[in-house]
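Novice: Coordinates only, no sequence provided:
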C-alpha cells in the first residue's frame with residue numbers, strides 16, 4: 001500500500017496541546033483508511049471539544065469526514081471575534097445557562113468558582129461514566145485535565161484545563177466562557193454548591209462563636225448544608241480572588 005499522506009495544520013492555542021515535536025502545528029500525517037477527522041485530530045491530543053472549525057482544502061467539514069490523500073486539513077480553535085456562520089461549526093451552540101461539572105481532581109477550582117457564584121457539581125466519588133452522564137443529562141460543561149475523558153463522543157460541552165494551579169484555572173474558565181459579566185460573588189455555598197440566603201442574626205446567634213456574635217451583624221446561610229457565612233477576617237483575600245477573576249476577561 002502506498003504511503004498516502006495529508007497535510008494537517010493546527011492553529012493558535014491548539015498547538016499548545018500537541019506533542020512537543022509537533023508544536024509548530026504543521027504535520028505530515030500518514031492516512032489510515034478508516035480514520036475519521038475526529039479520530040485524526042484526537043490522535044494528536046486535541047479533544048474535539050476544543051475545536052470550532054475543520055477545513056479540507058477550503059471546504060468546511062464535519063467530524064465523520066474521512067480525508068483523502070494529498071488533502072490539506074486545517075483545524076481551528078474556538079472563534080471569538082470572527083463571523084463563522086457560513087461554515088460547519090463542530091462545537092455545539094453555547095448552553096443557555098453556564099453550569100459546570102468538574103472531575104474529582106478539581107476540588108479547589110470547584111470551591112473558587114462557587115465563590116464567584118457559578119453552579120458547579122463536584123463529587124470525588126464520580127467516575128468517568130458518571131461525569132459524562134451528568135454533563136450530558138444536566139447540560140453542564142465538563143471541566144477536566146483528562147484528555148481521554150473529553151474524547152468521548154457523548155461529550156458536547158467541555159474544556160481541557162491547561163494549568164494545574166487553581167488560581168490560573170479560574171482565569172482560564174472565565175476567559176474561555178467570557179464569564180466576567182456573570183460573576184455574582186458570595187451567593188453560593190463553596191462547600192456544597194447551594195444558593196445562599198440572607199438570615200437574621202437572631203435566628204442563628206445560638207450557633208455563632210462568641211467573637212463573631214460581638215463583631216458581625218450581616219449573615220447568610222446555606223439551606224442545603226446549614227453552613228453560615230459572614231464577612232470575616234478572610235474576606236479581603238476572597239475579594240482579591242473576585243477581582244482577579246473579573247480582570248481575566250480583559251487581561252490577556
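Specialist: Thanks, I have it. Note that the structure is a prediction, hence the values are computed from the model and not measured. Numbers count the residues shown, from 1 in each chain.
Novice: What number of residues are in the vicinity of residue 56?
Specialist: Residue crowding around residue 56 was assessed by other CB atoms under 10 Å; the count is 17. Every C-beta, even on glycine, is put in place using the N, C-alpha and C of the backbone.
Novice: Look up phi and psi at residue 144.
Specialist: In this entry, residue 144 is assigned phi and psi values of phi -160, psi 160 (degrees, to the nearest 10).
Novice: The one 5 residues further on too?
Specialist: The phi and psi torsions at residue 149 (degrees, to the nearest 10) take the values phi -60, psi -40.
Novice: is it true that it touches residue 127?
Specialist: No - in terms of CB atoms under 8 Å, residue 149 does not count as a neighbour of residue 127; the distance is 10.2 Å.
Novice: Those two - which one has more neighbours?
Specialist: Neighbours per residue (other CB under 10 Å) separate residue 149 from residue 127, with residue 149 holding more: 19 against 10.
Novice: Tell me how far the closest residue to residue 16 other than its chain neighbours lies from residue 109.
Specialist: Beyond its immediate neighbours in the sequence, the residue positioned closest to residue 16 (CB to CB, 6 or more residues apart in numbering) is residue 162, lying 6.8 Å away. Taking CB to CB, to the nearest Å as the measure, residue 162 and residue 109 are separated by 13 Å.
Novice: Then residue 37?
Specialist: When CB to CB is applied, the distance between residue 37 and residue 109 equals 31 Å.
Novice: With neighbour numbers in mind, choose between these two.
Specialist: Under the criterion of other CB under 10 Å, the comparison of residue 37 against residue 109 puts residue 109 first, with 26 against 22.
Novice: need the contact list for that one.
Specialist: 102, 143, 161, 166, 169-170, 173 (CB atoms under 8 Å, 6 or more residues apart in numbering).
Novice: Which member of those residues is positioned nearest residue 243?
Specialist: Proximity of the contacts of residue 109 to residue 243 (CB to CB) peaks at residue 170, which lies at 11.7 Å.
Novice: wouldn't the closest one be in contact with residue 113 here?
Specialist: Yes - here residue 170 reaches residue 113: they are 6.7 Å apart, a contact under CB under 8 Å.
Novice: Who has more neighbours out of the two?
Specialist: Taking other CB under 10 Å, residue 170 and residue 113 do not tie; residue 113 has more neighbours (28 against 24).
Novice: Remind me which helix or strand the more buried one belongs to.
Specialist: helix 107-115 (DSSP states H and E).
Novice: Buried residues, that helix. List them.
Specialist: Of the residues in helix 107-115, 109-115 count as buried by neighbour count, 16 or more other CB atoms under 10 Å.
Novice: now that helix, how far from the centre of its chain.
Specialist: Averaging C-alpha positions (CA atoms, centre = their mean, to the nearest Å) puts helix 107-115 13 Å from its chain's average.
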